[in-house]
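Trainee: Sequence isn't available, so here's the structure alone:
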């Protein structure tokens, strides 16, 4: 059956995009405060370059989060599969034991009627 939970990669991707937007916003504020004459496309391209550089510095961390997420999902699937297998085995055991009980009850009845 597997883990009954939505995939979280889109949430991780949204958070990463939010992180990039926060970097952009902070750099924009920093430049507005320190260099108010620095404006327009040149400023935006400058910020984008630094956003990319900063993000690239953290990218391995985000990939690690994605890997951990994938590993947790795989482990949850494995544990669920094992639990389902154990349940199936237990149900088989119950059927077998119920049959044994029925057979023993029939045997007791036979012995009582002798």
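Mentor: Perfect, I can see it now. Keep in mind that what you see is a predicted model, and the values were worked out from it rather than measured. Numbers count the residues shown, from 1 in each chain.
Trainee: which residues does the most centrally placed residue in the chain contact?
Mentor: Closest residue to the average C-alpha location of the chain: residue 69 at 4.1 Å, with CA atoms, centre = their mean. Residue 69 makes contact with 8-9, 12, according to CB atoms under 8 Å, 6 or more residues apart in numbering. All C-beta spots, glycine's among them, are computed from the backbone N, C-alpha and C.
Trainee: Just the element for it, please.
Mentor: Using DSSP states H and E, residue 69 sits within helix 40-112.
Trainee: Quick one: mean pLDDT for that helix?
Mentor: Averaged across helix 40-112, the pLDDT comes to 95.
Trainee: Number the chain from 42, please
Mentor: All set: I'll call the first residue 42, so the last point we hit is now helix 81-153.
Trainee: any idea how far it is from the chain center?
Mentor: Centre-to-centre, helix 81-153 and its host chain are 9 Å apart (CA atoms, centre = their mean, to the nearest Å).
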